[in-house]
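Q: using only what follows, build the 3D model:
(one chain, ligands or ions: 1)
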Amino acid sequence: MSVSVIDGKAFSARLQDLVGREVAKVKADHGLHPGLAVVLVGSDPASEVYVRSKRRRSVEAGLASFAHELSEDTSEAELLELIARLNEDRSVHGILVQLPLPDHIDADKVLDAIDPDKDVDGFHVLNVGRLSTGKPSLVACTPLGCMMLLQDLLGDLKGKSAIVIGRSNIVGKPMAQLLLAQDCTVTIAHRFSRDVPKLCRQADIVVVAVGRAGLVRGDWVKPGAIVIDVGINRITDADGNSRLVGDVAYDEASQHAAAITPVPGGVGPMTIACLLANTLTAACRQSGLPDPELTLNSK
Ligand code: NAP
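A: Next up, the predicted model:
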């Protein structure tokens, strides 16, 4: 069977373009300039890279971008004050607080202080609850990106059997809810699940978000399944070179799957594109406009 490689980089570029066109439209038609505030506390190098890239792509898509860089010793109270100001600021439609936060700040407290309607990361309990009860919500960016890739590939997911390996609040659980909302039959596997390979072999759709290089082997994958690999792991290969790999043994799984996301270049690039999409959606909702049409159809 020849496998189709899902090009998340190209798809995310097209999604960003589409968001950019819709941003231009709401600006021209309604005078609405969607704005995203990105808050960074401290100077974690990886976080600085992510934040820079989020800002650059916001500007490329025509969003207003507001940067708040706070020192490592910012107190929890000071951060909560900033969040309160951003909640009130009508030019800010989306608020993103880059994680992880320094140890002296309670991240849950901060995330819960964000106005749920501006919670473009989709981490607020209200958005989590809305998603699981089928109400309009802002959905966490990484699972949203996975779902866009799946729908673009398969169209209707009704009746498909899906496994989500990993149950984190930011990927696994919302991913499972999204698949359930599309009428899939969903299994969620975690560290205590028995015989995960057997569960996996029953699935038409496999989404893996664990953080263990090569966990999913080729013979775990049902012939013709779609494999979405969320994992990002840095490994050192036999030649001493460092590189990024996913949670799926890519070469092996490619022998069985109908389609698979590579790492890098699969799910990763979708996350920021979905952040831009969420900011536009949040701005439209806050302004009483209908949700923007952000479906890309590659076929
Ligand atoms: P996490 O919070 O550490 O959660 C990992 C999950 O995997 C947990 O639910 C854990 O189960 C489960 N798990 C661990 N070992 C397992 C095993 N042997 N079999 C089955 N399940 C197992 O991780 P995360 O934040 O969801 O991230 C997962 C991976 O995705 C990481 O590599 C991360 O870097 C990557 N990621 C990528 C993006 C992106 O592409 N933009 C975004 C987010 C995350 P328990 O709950 O039982 O402990």
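Q: give me phi/psi at the most centrally placed residue in the chain?
A: Taking Cα atoms, centre = their mean as the criterion, Thr142 is the residue nearest the geometric centre of the chain, at 1.4 Å. Torsion angles at Thr142 (phi, psi; degrees, to the nearest 10) stand at phi -70, psi -50.
Q: okay, it: pLDDT?
A: Looking at Thr142, its pLDDT stands at 98.
Q: dump the residue contacts of it.
A: Thr142 makes contact with 170-171, 209, 230, 267, 270-271, 274, according to Cβ atoms under 8 Å, 6 or more residues apart in numbering. (Glycine included, C-beta is placed from N, CA and C.)
Q: all strands of the stretch 1-150 of the chain, in order?
A: All strands of the stretch 1-150 of the chain, identified by DSSP state E, counting those that start in this stretch, fall at 4-5, 35-41, 64-70, 94-97.
Q: now do the first one, average pLDDT.
A: So that's strand 4-5. Here the average pLDDT along strand 4-5 is 98.
Q: partner strands of that strand, parallel or antiparallel?
A: strand 259-260 (parallel) (DSSP bridges).
Q: so what's the nearest residue to Arg55 once chain neighbours are set aside bridging to?
A: Closest residue to Arg55 apart from its sequence neighbours, by Cβ to Cβ, 6 or more residues apart in numbering: Ser65 at 5.0 Å. With DSSP bridges as the criterion, Ser65 is bridged to Leu36.
Q: cool, Thr187 as well?
A: Beta-bridge pairing of Thr187 under DSSP bridges involves Ile163.
Q: the closest residue to Asp237 other than its chain neighbours: how many residues sit nearby?
A: Distances taken as Cβ to Cβ, 6+ apart put Arg243 closest to Asp237, at 6.4 Å, once the chain neighbours are dropped. The tally of other residues near Arg243 (other Cβ atoms under 10 Å) stands at 11.
Q: how close does Arg243 get to the ligand?
A: Distance, Arg243 to the ligand, using Cβ to the nearest ligand atom, to the nearest Å: 14 Å.
Q: got phi/psi on Ala61?
A: phi -80, psi 0.
Q: please dump the strands of the stretch 1-150 of the chain into TSV; it should also carry distance to Ala225 for every row.
A: Below are those laid out as TSV (distance: least, Cβ to Cβ, whole Å):
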stretch	distance to Ala225
strand 4-5	12
strand 35-41	36
strand 64-70	39
strand 94-97	33
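Q: mind putting those strands into a markdown table with mean neighbour count?
A: Below are the strands of the stretch 1-150 of the chain laid out as a markdown table (neighbours: other Cβ atoms under 10 Å):
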| stretch | mean neighbour count |
| --- | --- |
| strand 4-5 | 14 |
| strand 35-41 | 24 |
| strand 64-70 | 16 |
| strand 94-97 | 26 |
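Q: which one of those lies nearest to the ligand?
A: Smallest distance to the ligand across the strands of the stretch 1-150 of the chain (Cβ to the nearest ligand atom): 13.4 Å, for strand 94-97.
Q: low-confidence bits of the stretch 51-200 of the chain, can you list those?
A: Within the stretch 51-200 of the chain, no stretch has pLDDT under 70.
Q: all helices of the stretch 101-250 of the chain, in order?
A: 107-113, 125-132, 141-154, 172-181, 196-201, 250-254 (DSSP state H, counting those that start in this stretch).
Q: adding distance to Val19, write those helices out as a markdown table.
A: Output for the helices of the stretch 101-250 of the chain, formatted as a markdown table (distance: least, Cβ to Cβ, whole Å):
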| stretch | distance to Val19 |
| --- | --- |
| helix 107-113 | 24 |
| helix 125-132 | 19 |
| helix 141-154 | 12 |
| helix 172-181 | 19 |
| helix 196-201 | 34 |
| helix 250-254 | 29 |
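Q: can you redo these as JSON lines with distance to the ligand?
A: Converted to JSON lines, the helices of the stretch 101-250 of the chain look like this (distance: least, Cβ to the nearest ligand atom, whole Å):
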{"stretch": "helix 107-113", "distance to the ligand": "13"}
{"stretch": "helix 125-132", "distance to the ligand": "14"}
{"stretch": "helix 141-154", "distance to the ligand": "4"}
{"stretch": "helix 172-181", "distance to the ligand": "5"}
{"stretch": "helix 196-201", "distance to the ligand": "5"}
{"stretch": "helix 250-254", "distance to the ligand": "14"}
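Q: nearest to Val263, out of the ones you listed?
A: helix 250-254 (7.2 Å; Cβ to Cβ).
Q: residues in the stretch 151-299 of the chain within reach of the ligand, list them.
A: For the stretch 151-299 of the chain, the contact set with the ligand under Cβ under 6 Å from any ligand atom comprises 165-168, 170-172, 189-193, 196, 209-212, 215, 230-233, 267-268, 271.
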